[in-house]
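Enquirer: Fold the following and give me the result.
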Amino acid sequence: MTSTAEAPPPPPPEGRSAHPDHIGHVIFITASAAMGGFLFGYDSSVINGAVEAIRDRYNIGAATLAQVIAIALIGCAIGAATAGRIADRIGRIRCMRIAAGLFTISAVGSALPFALYDLAFWRIVGGFAIGMASVIGPAYIAEVAPAAYRGRLGSFQQAAIVIGIAISQLVNYGILQLANGQQRGKIGGLEAWQWMLGVMVVPALLYGMLSFAIPESPRYLIASGRIDKAKKVLSEVEGHGVDLDHRVAEIDRAMRSEHKSTFRDLRPAGSRFNLLPIVWVGIGLSVFQQLVGINVAFYYSATLWQSVGIDPTSSFFYSFTTSIINIIGTAIAMVLVDRVGRRPLALVGSTGMAIALGFVAWAFSAELVHGKLPSPQGAVALIAAHVFVFFFALSWGVVVWVFLGEMFPNRIRAAALGVAASAQWIANWAITASFPSLAQWNLSATYIIYACFAVLSIPFVLLFVKETKGKTLEEMG
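Expert: Below you'll find the predicted structure:
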């Protein structure tokens, strides 16, 4: 979550690095677009605070609960799959407004459900908005950011996601305090968990309002024939010293020469069902990123800690501290990924995650005493869970999307990215939907499974993943 945002498509070639006259204005535009990432992270994680209350209110078992939690991912997949085409038809800004509207409607509907199926429906609506935001935000930022600042501005999306996760946990904790530590405690006539889901209206409305304060993408404006408007936007984001006629011609030429890759391009010659080896590597990276169980930390951490005897207030606090660790790890990865390389970070992360997950599994193997983990095991579980999130954030959380944006040849990049992103949503759904039942069966064994996937990711990286640091996109084949 976690850092499941889709990587932006490669930008068109540019004549020179532009430096805008007012970088503050460019940062404002980028930050406004990245609010979609904030909502992505917020919505993905806010359900953490409502899990136990939903189980209790509707008196449902682990399997049904898992489907209600994971069903949003169906909406995510649909939103991500359709956002690109919608944006090409109506523009990036209108797409943002649609996503903001859906976020708002989903927040209200989720806060005021009249039945379980109603709640599930609004989860799907919110998921669709997440899927749209995961595509439109990075693509818009890539299209408006000057080349000299594109890498740093592009990182706003990932930073917004992890901040959204942290803020959702902080808000949940504050609401729980107002409800005297009870997830079903009443505040103003509504239960605490309903407020947790409903508060998302605030950032959703802010996202919608900000979309009226930022310009349309120059790329879309040129494609739709509004050349004068495109020149105005280019002068704002790249500086008045840029040859605007040359830049418009350059962007137009790049769009006309782009190869629209399809699924057929991903198959070896003469094969109907197999995929190119590089596509399988991309799928493997996406799947391993999810199979280590990272989204359990953001969807179920409050429930997990309560299941081993930690009171609800403390469990929400630990969920928030986990989110802070996620932010710190992500910041470190953003600094190191271009310095030490992608593969070294991935290998360090896999090793750290495997060890941490092993300690978590050991801690949860202890017998509960009066409904709580014994003191040594409880401390180990808390520390190891935070260490696991830290190693994920500084490695696979960032590195996978860097790899996916760079590793594919130009002629198949868009289609291959789509397949890899779809595999990631499917793996995300599998982990999210299966955890409650697996935890009910054997919590320690569940974490052993996640640890095994972390271990298996090491030989996968060593054998199949090539370093992309310092290479141009054209060098990828």
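
Enquirer: how many neighbours does residue 380 have?
Expert: 18 (other C-beta atoms under 10 Å). Every residue, glycine included, has its C-beta placed from N, CA and C.

Enquirer: Dump the C-alpha coordinates for stretch 199-210 into PDB.
Expert: Taking Å, rounded to 0.1, in the frame of the first residue of the first chain, the C-alpha atoms of stretch 199-210 are listed here in PDB:
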ATOM      1  CA  VAL A 199     -13.900  11.700   7.600                       C
ATOM      2  CA  MET A 200     -12.400  10.900   4.200                       C
ATOM      3  CA  VAL A 201     -15.000  13.400   2.800                       C
ATOM      4  CA  VAL A 202     -12.600  16.200   3.900                       C
ATOM      5  CA  PRO A 203      -9.500  15.300   1.800                       C
ATOM      6  CA  ALA A 204     -11.800  14.200  -1.000                       C
ATOM      7  CA  LEU A 205     -13.400  17.600  -1.200                       C
ATOM      8  CA  LEU A 206     -10.000  19.300  -0.900                       C
ATOM      9  CA  TYR A 207      -8.700  17.200  -3.800                       C
ATOM     10  CA  GLY A 208     -11.700  18.200  -5.900                       C
ATOM     11  CA  MET A 209     -11.200  21.900  -5.100                       C
ATOM     12  CA  LEU A 210      -7.500  21.800  -5.900                       C
END
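
Enquirer: who's in contact with it?
Expert: 32, 35-36, 38-39, 42-43, 46, 96-97, 99-101, 103-104, 106-108, 164, 171, 175 (C-beta atoms under 8 Å, 6 or more residues apart in numbering).

Enquirer: One more pass at 7 Å, please.
Expert: 32, 35-36, 38-39, 42-43, 46, 97, 100-101, 103-104, 107-108, 171 (C-beta atoms under 7 Å, 6 or more residues apart in numbering).

Enquirer: What of stretch 130-141?
Expert: Identification of contacts with stretch 130-141 by C-beta under 7 Å, 6+ apart yields 5-9, 30, 33-34, 36-37, 39-40, 43-44, 75-80, 83-84, 87, 92, 95-96, 98-99, 153-154, 156-157, 217.

Enquirer: What about those residues, which are in helices?
Expert: Counting by DSSP state H, the part of the contacts of stretch 130-141 found in helices is 30, 33-34, 36-37, 39-40, 43-44, 75-80, 83-84, 87, 92, 95-96, 98-99, 153-154, 156-157.

Enquirer: on that earlier part again, which of the contacts of stretch 199-210 are buried?
Expert: Buried members of the contacts of stretch 199-210, scored by 16 or more other C-beta atoms under 10 Å, are 32, 35-36, 38-39, 42-43, 46, 97, 100, 103-104, 107, 171.

Enquirer: after the host helix or strand of residue 209 comes which helix or strand?
Expert: In the assignment (DSSP states H and E), residue 209 maps to helix 201-210. Once the chain leaves helix 201-210, the next helix or strand it forms, by DSSP H and E, is helix 218-223.

Enquirer: Just give me the neighbour total for residue 237.
Expert: 24.

Enquirer: State the pLDDT value of it.
Expert: According to the per-residue confidence, residue 237 scores 77 in pLDDT.

Enquirer: quick one: it is in a helix?
Expert: Yes - per DSSP: H, G, I helix; E, B strand; the rest coil, residue 237 lies within a helix segment.

Enquirer: In contact with it, which residues?
Expert: 20, 26, 29, 144, 146.

Enquirer: So the second one belongs to a helix, correct?
Expert: Yes - assessed by three-state DSSP, residue 26 belongs to a helix.

Enquirer: Check it and give its pLDDT.
Expert: 84.

Enquirer: can you tell me how far it sits from residue 336?
Expert: 25 Å (C-beta to C-beta, to the nearest Å).

Enquirer: ok, now the third one?
Expert: Taken as C-beta to C-beta, the spacing of residue 29 relative to residue 336 amounts to 27 Å.

Enquirer: More neighbours: those two, which one.
Expert: residue 29 (23 against 18).

Enquirer: Please name the nearest non-neighbouring residue to that one.
Expert: residue 214 (4.8 Å; C-beta to C-beta, 6 or more residues apart in numbering).

Enquirer: Ramachandran angles for that neighbour?
Expert: Phi and psi for residue 214, reported as degrees, to the nearest 10, are phi -120, psi 150.

Enquirer: which helices and strands sit right next to the helix or strand of the chain with the lowest mean pLDDT?
Expert: Least confident helix or strand, the chain: helix 301-307 with a mean of 75, by mean pLDDT, DSSP states H and E. Helices and strands touching helix 301-307, as assessed by 3 or more C-beta pairs under 7 Å, 6 or more residues apart in numbering; DSSP states H and E, comprise helix 51-58, helix 312-336.

Enquirer: how much does the last one deviate in direction from helix 51-58?
Expert: With axes from the mean of the first three to the mean of the last three C-alpha atoms, to 10 degrees defining the directions, helix 312-336 sits at 140 degrees from helix 51-58.

Enquirer: roughly how far out does helix 312-336 sit from the chain middle?
Expert: 15 Å (C-alpha atoms, centre = their mean, to the nearest Å).

Enquirer: and it, which residues are buried?
Expert: For helix 312-336, using 16+ other C-beta under 10 Å, the buried residues are 312, 314-327, 329-334, 336.

Enquirer: returning to what we had before: quick one: which of the helices and strands packed on helix 301-307 is nearest residue 114?
Expert: Minimum separation from residue 114 across the helices and strands packed on helix 301-307 (C-beta to C-beta) falls at helix 51-58, 11.4 Å.

Enquirer: Below-threshold pLDDT in the stretch 101-250 of the chain: ranges please.
Expert: Within the stretch 101-250 of the chain, the ranges that satisfy pLDDT under 70 run 147-148, 150-152, 154, 240.

Enquirer: on that earlier part again, export the helices and strands packed on helix 301-307 as a markdown table, with columns for mean pLDDT and distance to residue 113.
Expert: Output for these, formatted as a markdown table (pLDDT from 0 to 100; distance: least, C-beta to C-beta, whole Å):
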| stretch | mean pLDDT | distance to residue 113 |
| --- | --- | --- |
| helix 51-58 | 88 | 9 |
| helix 312-336 | 85 | 21 |
